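# structure for this input, please:
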Amino acid sequence: MNEINTHPKTGFEKIIGFFNDNLDVNHPIAIAEVVERTGFSWSFVKKTLTKIKEEYDGFYFEKSGSTWIMWKDRDHIIKKLDETCSRFLDESGE
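Okay, here's the model as predicted:
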């Protein structure tokens with residue numbers, strides 16, 4: 001039996017997976033749809049989306065009128081990196 005990825009997924013991991021697997025690039029959806037499709041509570045989804053926005057690149061979450069919307073600008077949202085190659089390019093240009 002393969003031991004990789006056999007642990008139960010957390011709610012956070014399930015929501016990340018939902019966005020990576022089900023959300024079209026640059027196609028916003030409302031938080032109500034995320035709640036409906038994932039089965040998580042509105043408050044849990046909003047708290048999780050706020051955390052994703054802070055910690056991941058390629059993901060956007062904001063209020064539009066009276067509705068919270070979110071979208072991604074790439075196929076898979078990725079964890080923000082502390083150190084990137086662009087930092088070295090900026091330093092070498094001096």
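
# and the helices in the protein?
11-22, 31-38, 42-55, 85-92 (DSSP state H).

# make JSON lines out of these and add distance to residue 73.
For every residue, glycine as well, the C-beta is placed using N, CA and C. Output for the helices of the chain, formatted as JSON lines (distance: least, Cβ to Cβ, whole Å):
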{"stretch": "helix 11-22", "distance to residue 73": "12"}
{"stretch": "helix 31-38", "distance to residue 73": "17"}
{"stretch": "helix 42-55", "distance to residue 73": "13"}
{"stretch": "helix 85-92", "distance to residue 73": "17"}
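
# who wins for proximity to residue 74 among those?
Of all these, helix 11-22 sits nearest to residue 74, with 9.7 Å by Cβ to Cβ.

# run through the neighbouring helices and strands of the closest one.
helix 31-38, helix 42-55 (3 or more Cβ pairs under 8 Å, 6 or more residues apart in numbering; DSSP states H and E).

# and the ones you listed: which comes nearest residue 79?
From those, taking Cβ to Cβ, the stretch that ends up closest is helix 42-55, at 6.3 Å.

# with that, I have no additional questions.
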